[in-house]
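K.L.:
give the three-dimensional model of this entry:
(2 chains)
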Amino acid sequence: GDSVTQMEGPVTLSEEAFLTINCTYTATGYPSLFWYVQYPGEGLQLLLKATKADDKGSNKGFEATYRKETTSFHLEKGSVQVSDSAVYFCALQTNQGGKLIFGQGTELSVKP
Amino acid sequence: GAGVSQSPSNKVTEKGKDVELRCDPISGHTALYWYRQSLGQGLEFLIYFQGNSAPDKSGLPSDRFSAERTGGSVSTLTIQRTQQEDSAVYLCASSFGYKRGGYEQYFGPGTRLTVT
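P.N.:
Residues are numbered from 1 along each chain as shown, chains lettered A, B, ... in the order given. All right, here's what the predicted structure looks like:
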């Protein structure tokens, strides 16, 4: 069945470090791909998305590129801030309906 | 405008009791989703309502779980004869509908359910 696998956390980085959180997926057809973020004490919110191969989603300095050949959607940021500390979820949405299939989540902690 | 609201925010119940969790979606959103977030299972899809179509119940873990959506708006998730493994945060989300990748799902703050 359809699934998402993302790197396990927690990930601890110093401020201004480069961030990569790996995400790969398994799906039939051509899913849409998403990154959601959950800040401490807050609800899930959409960070960025891509709906077709080679699309790049970007928001708040974060980027991810839909790579069909490697079935990946890795999240990157060039210089993280303490305020980026959160749990990040990679997700896919198939063509068969609106439900999201999430990865396990990766906790990011950024130290000053 | 108002976001997705859920009630109660916290619920503690004894094993074997029934519970009802409520979700008020964003006004005008025709699609409504329930998910569950637990330590062992991560974020799992439970059920999806889209307009007047039959709901997608494929994620419900057992027949103790059911949900309804009245008048195309408010939804109630009911868990009968609760078990300890039902302890989780239950999240509701809504969107304008389904268009491939096109409509963002807005999540509520969740209901934390603890079964003792």
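
K.L.:
C-alpha from now on. contacts and neighbour counts both.
P.N.:
Noted.

K.L.:
and the residue most central in space within chain B, which helix or strand is it part of?
P.N.:
Here the mean C-alpha position of chain B is nearest to the C-alpha of residue B:34 (CA atoms, centre = their mean), at a distance of 2.9 Å. Residue B:34 is located in strand B:31-38, with elements delineated by DSSP states H and E.

K.L.:
can you list contacts of the next helix or strand after that strand?
P.N.:
Downstream of strand B:31-38, the next assigned helix or strand under DSSP H and E is strand B:42-50. For strand B:42-50, contacts defined as CA atoms under 8 Å, 6 or more residues apart in numbering or on different chains pick out A:98-105, B:30-37, B:55-61, B:67, B:69, B:97-98.

K.L.:
could I get strand B:42-50 in PDB with only the CA atoms?
P.N.:
Taking Å, rounded to 0.1, in the frame of the first residue of the first chain, the C-alpha atoms of strand B:42-50 are listed here in PDB:
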ATOM      1  CA  GLY B  42       2.300   8.200  14.300                       C
ATOM      2  CA  LEU B  43      -0.400  10.100  12.300                       C
ATOM      3  CA  GLU B  44      -3.100   7.800  10.900                       C
ATOM      4  CA  PHE B  45      -6.100   8.600   8.700                       C
ATOM      5  CA  LEU B  46      -9.400   7.400  10.200                       C
ATOM      6  CA  ILE B  47     -12.300   8.700   8.000                       C
ATOM      7  CA  TYR B  48     -13.100  11.300   5.400                       C
ATOM      8  CA  PHE B  49     -16.400  13.000   4.500                       C
ATOM      9  CA  GLN B  50     -16.800  14.800   1.200                       C
END
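
K.L.:
need the pLDDT of residue 53.
P.N.:
All of this is about chain A. Model confidence at residue A:53, given as pLDDT, is 92.

K.L.:
my question was about chain B, not that one.
P.N.:
86.

K.L.:
where's it, which helix or strand?
P.N.:
Going by DSSP H and E, residue B:53 is not in any helix or strand.

K.L.:
backbone dihedrals for it, both of them.
P.N.:
When quoted as degrees, to the nearest 10, the phi and psi of residue B:53 stand at phi -70, psi 160.

K.L.:
ok, back up a step: so what's the residue nearest to the centre of chain B up against?
P.N.:
B:45-48, B:90-93.

K.L.:
excluding its backbone neighbours, what's nearest it?
P.N.:
residue B:92 (4.6 Å; CA to CA, 6 or more residues apart in numbering or on different chains).

K.L.:
what of residue B:33?
P.N.:
residue B:48 is the one closest to residue B:33 (CA to CA, 6+ apart), at 4.5 Å.

K.L.:
beta partners for that neighbour?
P.N.:
Taking DSSP bridges as the rule, residue B:48 bridges to residue B:33, residue B:56.

K.L.:
count of residues packed around it?
P.N.:
26 (other CA atoms under 10 Å in any protein chain shown).
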